[in-house]
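Engineer: sequence and predicted structure are below.
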Amino acid sequence: MKVLITGGAGFIGSAVARKLIDRGDKVVMIDNFNDYYDPKLKRDRIATILKDCEYSLHEGNIQDLEFCQAVFAKEKIDKVIHLAAMAGVRSSLEDPLLYEEVNVRGTNVLLEMAVKYKIKNFVYASSSSVYGNNKKVPFSEEDRVDTPMSPYAATKRATELIAHTYSHIHGLKTTGLRFFTVYGPWGRPDMALFLFTDKITKDEEISVYNFGKMSRNFTYIDDIVSGTITTLDADLECEIMNIGGDKEETLLRFIEVIEENIGKKAKKNMMPIQPGDVPSTVADISKLRALGWEPTTRIEEGIKNFIDWYKEYYKK
Ligand SMILES: NC(=O)c1ccc[n+]([C@@H]2O[C@H](COP(=O)([O-])OP(=O)(O)OC[C@H]3O[C@@H](n4cnc5c(N)ncnc54)[C@H](O)[C@@H]3O)[C@@H](O)[C@H]2O)c1
């Protein structure tokens, strides 16, 4: 099977690519290596995680119809895992137009290609942020999600609605994955685990928002990879699935585990919640579990793996 992974140099994309190659699939990747965070980390992921692997990589923008057309025409793609996006909640408040262009138009271009080139299954990244300030926990796919709290969340919800129309009109198989806070080695420098580790290591103060009263279903990268591939293989007609860890963790416990692994106490600056942020994201994962998937990594193990990687990569 030949699988196109958009955002293949990304945190999740590179890990999914490795797993697919290991099991014998052919992998084609698209990435534009933008500088939302250090592009060197993206290049290093490819060079290290995909060392000695065979794959093809196309550098360009997913919102560029001609570029995508050329990739689909050249490669004989069976299925798509669409992960490329502008992915930061906070930065979407600063540049909402870019988020709309990449996340909404980019996804729409790929859906057009998927229909034209008869793609057998189109799995795409949505986000737990679509639940906005949902008061009912755990968050279920059945809950109403029409109160996004950031431009990012709104673009992710828009892609779910657009994917639905492609399934409805063209019979394209689509599965939207609502990822819940992903972490692990090679993780994104704009996310809490990376920022906290970096600052604690350098004896700098960390900002703890909502005075630490945040909780998340942190999800380890390997569990995200196995869940994504489970849905890739399942070929569902038109679905949306939560994909999150099964244990609700507070931000303060998360920080405690980081401190234990670095061997240093954090200097905490307790702050109010930031605009666009949500205090709690807890996932109901029964739908994905019904396909045989199970998250297996606890934060004690996952954070250790991250910090081991961080120390090695940055030679700390
Ligand atoms: N990491 C998380 O906790 C999390 C949570 C919810 C949803 N998601 C979603 O999962 C997906 C992957 O996230 P990630 O954490 O791996 O992010 P990432 O930023 O590491 O990966 C995204 C990749 O897409 C590429 N890209 C961005 N814009 C592009 C464009 N216009 N054309 C081509 N390539 C482009 C980037 O260069 C990057 O390598 C994203 O859609 C994100 O919104 C992630």
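Structural biologist: In hand now; what should we look at? The structure displayed is predicted, hence computed values, not measured ones.

Engineer: how about the helices in the protein?
Structural biologist: 11-22, 39-49, 65-74, 89-94, 96-99, 106-116, 151-170, 192-201, 221-234, 251-262, 286-289, 299-313 (DSSP state H).

Engineer: list, one by one, the residues from this structure near the ligand.
Structural biologist: Residues of the chain lying close to the ligand by CB under 6 Å from any ligand atom are 7, 9-13, 30-34, 42, 61-63, 83-87, 102, 106, 125, 127, 179, 181-182, 188. C-beta here means a position set from N, CA and C on the backbone, and glycine is covered the same way.

Engineer: and these, which are buried?
Structural biologist: Buried by 16 or more other CB atoms under 10 Å: 7, 9-13, 30-32, 42, 61-63, 83-87, 102, 106, 125, 127, 179, 181-182, 188, out of the residues of the chain next to the ligand.

Engineer: among those residues, which are located in strands?
Structural biologist: Taking DSSP state E as the definition of strands, these contribute 30-31, 125, 127, 179, 182.

Engineer: what count of nearby residues applies to Ala15?
Structural biologist: By the measure other CB atoms under 10 Å, the count of residues near Ala15 is 21.

Engineer: no wait, Lys76
Structural biologist: For Lys76, using other CB under 10 Å, the count is 10.

Engineer: spit out the contact partners of the residue of the chain found nearest the ligand.
Structural biologist: Distance from the ligand to each residue of the chain (CB to the nearest ligand atom) is smallest for Gly10, at 2.1 Å. Residues counted as contacts of Gly10 (CB atoms under 8 Å, 6 or more residues apart in numbering) are 31, 42, 45, 83-84, 87.

Engineer: tell me the one among the residues you listed nearest to Arg23.
Structural biologist: Nearest to Arg23 among these, counting by CB to CB, is Leu83 at 18.1 Å.

Engineer: dump the residue contacts of the closest residue to the closest one other than its chain neighbours.
Structural biologist: Closest residue to Leu83 apart from its sequence neighbours, by CB to CB, 6 or more residues apart in numbering: Gly7 at 3.7 Å. Counting by CB under 8 Å, 6+ apart, Gly7 touches 13, 30-31, 82-85, 125.

Engineer: right, and the helices of the chain - which one's nearest Asn133?
Structural biologist: helix 151-170 (10.3 Å).

Engineer: CA atoms of the closest one as PDB?
Structural biologist: Included here for helix 151-170 are C-alpha records, laid out as PDB according to Å, rounded to 0.1, in the frame of the first residue of the first chain:
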ATOM      1  CA  PRO A 151      -9.100  30.500  15.100                       C
ATOM      2  CA  TYR A 152      -7.100  27.200  15.100                       C
ATOM      3  CA  ALA A 153     -10.000  25.300  16.700                       C
ATOM      4  CA  ALA A 154     -12.400  26.900  14.200                       C
ATOM      5  CA  THR A 155     -10.300  25.800  11.200                       C
ATOM      6  CA  LYS A 156     -10.100  22.200  12.600                       C
ATOM      7  CA  ARG A 157     -13.900  22.100  13.000                       C
ATOM      8  CA  ALA A 158     -14.300  23.500   9.500                       C
ATOM      9  CA  THR A 159     -12.200  20.700   8.000                       C
ATOM     10  CA  GLU A 160     -14.400  18.100   9.700                       C
ATOM     11  CA  LEU A 161     -17.500  19.700   8.100                       C
ATOM     12  CA  ILE A 162     -15.800  19.900   4.700                       C
ATOM     13  CA  ALA A 163     -14.700  16.300   4.900                       C
ATOM     14  CA  HIS A 164     -18.200  15.300   5.700                       C
ATOM     15  CA  THR A 165     -19.500  16.900   2.500                       C
ATOM     16  CA  TYR A 166     -16.800  15.000   0.500                       C
ATOM     17  CA  SER A 167     -17.900  11.700   2.000                       C
ATOM     18  CA  HIS A 168     -21.600  12.600   1.500                       C
ATOM     19  CA  ILE A 169     -21.300  13.800  -2.100                       C
ATOM     20  CA  HIS A 170     -18.400  11.600  -3.500                       C
END
